[in-house]
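Asker: got a predicted structure here, sequence first:
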Amino acid sequence: MGHDRVKVGIIGSQFQADIQAASFQIMPHEAEVVAIASPTPGNAAALAKKFGIPRVFTDYREMLKERDIEMVTIAAPNSLHAQMTKDIAAAGKHIVCEKPLAMTIGEGEEMIAAAKRHGVLLMYGEELFFTPKYLKAKEMADAGAFGKIHLVKQSEKHFGPHSPWFWDVNRSGGGAFMDLGCHGIAFCYWFLGRSPIKTVYCQMGRYAHGDKTQAEDESVCILEFANGAVGIVENSWARRGGMDDRIEVFGEAGVTYANLHMGNALPTFSENGYGYAVEKAPTTKGWTYPVFEELWNYGTPQELTHFARCARGKETSQATGEDGLVVMQALYAGYASAGEGRKIALPYQPPLGVKKPIDLWLSGPIRTEAAQP
Ligand SMILES: NC(=O)c1ccc[n+]([C@@H]2O[C@H](COP(=O)([O-])OP(=O)(O)OC[C@H]3O[C@@H](n4cnc5c(N)ncnc54)[C@H](O)[C@@H]3O)[C@@H](O)[C@H]2O)c1
């Protein structure tokens with residue numbers, strides 16, 4: 001392994017930071033994590049110890065002064081992505097920003113502009129573009145297996161996030177649609193060759209978690225693309241039984257279905273339970289479906305390795321800030337649609353002063369809160 005690997009700093013030390021650090025270890029040839037920054041005392045040090053990361057910071061701005069770091073990944077709450085991106089760009093380092101790109105369309109535009117101004121890459125952490133099973137579906141589609149595709153579906157569901165800030169709409173920007181729908185919108189857009197999104201229709205509600213959040217925990221979204229195809233994106237923070245992530249593709253000449261976890265899982269029964277099954281599994285007792293090579297099956301190691309190669313000019317980024325911005329525009333249109341009860345055409349300009357997508361649902365005339373007492 002050369003000494004010339006891309007040196008990476010990670011911002012954040014919890015869920016996604018752990019996945020990133022583990023992913024760089026799974027594919028260690030192109031990049032090495034040399035630093036980690038996170039404000040809560042002890043957390044960054046704990047992650048550093050787990051993965052043998054030499055440098056630890058509590059203020060990410062201090063980490064950005066490290067001259068040898070070339071690429072910085074953002075695994076911090078959504079509300080911080082824009083400022084962090086601008087700071088990383090100003091420090092002359094390439095950026096990997098986790099999804100969703102930002103809280104507002106304006107922030108997303110500023111992030112892209114800042115990266116351009118400072119001559120660095122803004123890469124967008126959408127691992128579904130790298131998920132082996134979904135990539136196989138795309139390769140078959142591109143080879144003509146399904147003829148002209150008219151419908152693409154993606155859904156991601158679980159019983160809600162692992163960390164408190166997700167429930168606070170001022171830090172997350174929205175609920176299941178913002179958190180998980182960003183994956184589905186990106187997936188359909190990418191699968192259909194980045195055909196522009198023409199309209200967005202969305203319905204959402206809060207059914208299971210009204211006690212702890214203003215955010216929607218169920219959403220259904222229909223996207224119309226310029227090439228005539230339709231995308232359907234279903235999301236939930238109210239789905240019992242752990243993580244569910246799947247796609248369906250329908251064309252004039254064929255169809256394919258893929259369930260991200262099943263098929264990489266061992267149907268298992270255990271009276272005693274056993275360590276770890278898979279992301280967000282509520283238990284390891286009784287019937288469970290532990291996934292082997294989980295991160296590889298998500299595509300995160302492949303994604304981050306690709307980004308490290310992009311940082312060295314060896315590849316061209318397959319997931320960019322511009323992709324993230326398209327998703328932001330569709331998210332805003334989706335929340336507006338759910339708030340107004342009508343299909344919204346893109347480009348959609350939210351009213352001035354709107355600080356986060358969910359405001360358009362919360363303040364809209366239509367609001368479905370079936371389970372509200
Ligand atoms: N691609 C995916 O599938 C995926 C999965 C999970 C999370 N994410 C995204 O990753 C981001 C982080 O989510 P998470 O699940 O890791 O959340 P988390 O709560 O597990 O971790 C957040 C981290 O951010 C750190 N942080 C908070 N304020 C900070 C600051 N001012 N400076 C530096 N660090 C700060 C916290 O200390 C913590 O370490 C979110 O944008 C989320 O949407 C993406």
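Answerer: Noted; the coordinates are in hand.
Asker: which of the residues in the longest helix seen in the chain are buried?
Answerer: Ranked by residue count and defined by DSSP state H, the top helix of the chain is helix 321-340. Buried residues in helix 321-340, defined by neighbour count with 16 or more other CB atoms under 10 Å: 321, 323-339. The way it works is simple: take the backbone N, C-alpha and C, and place the C-beta from them, glycine included.
Asker: before we move on, what about stretch 232-243?
Answerer: Ile232, Val233, Glu234, Asn235, Ser236, Trp237, Ala238, Arg239, Gly242, Met243.
Asker: for stretch 12-22, same thing?
Answerer: For stretch 12-22, by 16+ other CB under 10 Å, it's Gly12, Ser13, Gln14, Gln16, Ala17, Asp18, Ile19, Gln20, Ala21, Ala22.
Asker: dump that stretch to CSV, restricted to CA.
Answerer: Extracted as CSV, the C-alpha positions of stretch 12-22 are listed here (Å, rounded to 0.1, in the frame of the first residue of the first chain):
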residue,chain,number,x,y,z
GLY,A,12,-18.6,13.7,13.0
SER,A,13,-17.9,10.7,15.1
GLN,A,14,-21.2,8.8,15.4
PHE,A,15,-23.3,6.8,13.0
GLN,A,16,-22.3,7.8,9.5
ALA,A,17,-18.7,8.7,10.6
ASP,A,18,-18.3,5.2,11.8
ILE,A,19,-19.6,3.8,8.5
GLN,A,20,-17.2,6.0,6.6
ALA,A,21,-14.2,5.1,8.8
ALA,A,22,-15.1,1.4,8.4
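Asker: contacting residues around that stretch?
Answerer: 10-11, 33, 36-38, 40, 43-44, 46-47, 50-51, 53, 73-76, 98, 125, 162-163, 295, 298, 300, 304 (CB atoms under 8 Å, 6 or more residues apart in numbering).
Asker: out of the residues you listed, which end up buried?
Answerer: 10-11, 33, 36-38, 43-44, 47, 51, 53, 73-76, 98, 125, 295, 298, 300, 304.
Asker: and the ligand, which of the residues you listed reach it?
Answerer: Ile11, Ala37, Ser38, Asn43, Ala75, Ala76, Glu98, Gly125 (CB under 6 Å from any ligand atom).
Asker: spatially nearest residue to the third one (excluding sequence neighbours)?
Answerer: What that stands for is Ser38. Using CB to CB, 6 or more residues apart in numbering and skipping residues adjacent in sequence, the residue nearest Ser38 is Ser13, 3.6 Å away.
Asker: hang on, Ala115 packs against Gly321?
Answerer: Yes. Between Ala115 and Gly321 a contact is recorded at 6.3 Å, counting by CB atoms under 8 Å.
Asker: return every residue with contacts to both of the two.
Answerer: Leu122.
Asker: what does the chain have sitting close to the ligand?
Answerer: So the chain meets the ligand at 11-17, 37-40, 43, 60, 75-78, 80, 98-99, 125, 127, 163, 165 (CB under 6 Å from any ligand atom).
Asker: which members of those are positioned in strands?
Answerer: Of the residues of the chain next to the ligand, the ones assigned to strands by DSSP state E are Ile11, Ala37, Glu98, Gly125.
Asker: so of those residues, which two are at opposite extremes in space?
Answerer: Across those, no pair lies farther apart than Ala37 and Gly125, at 17.0 Å, counting by CB to CB.
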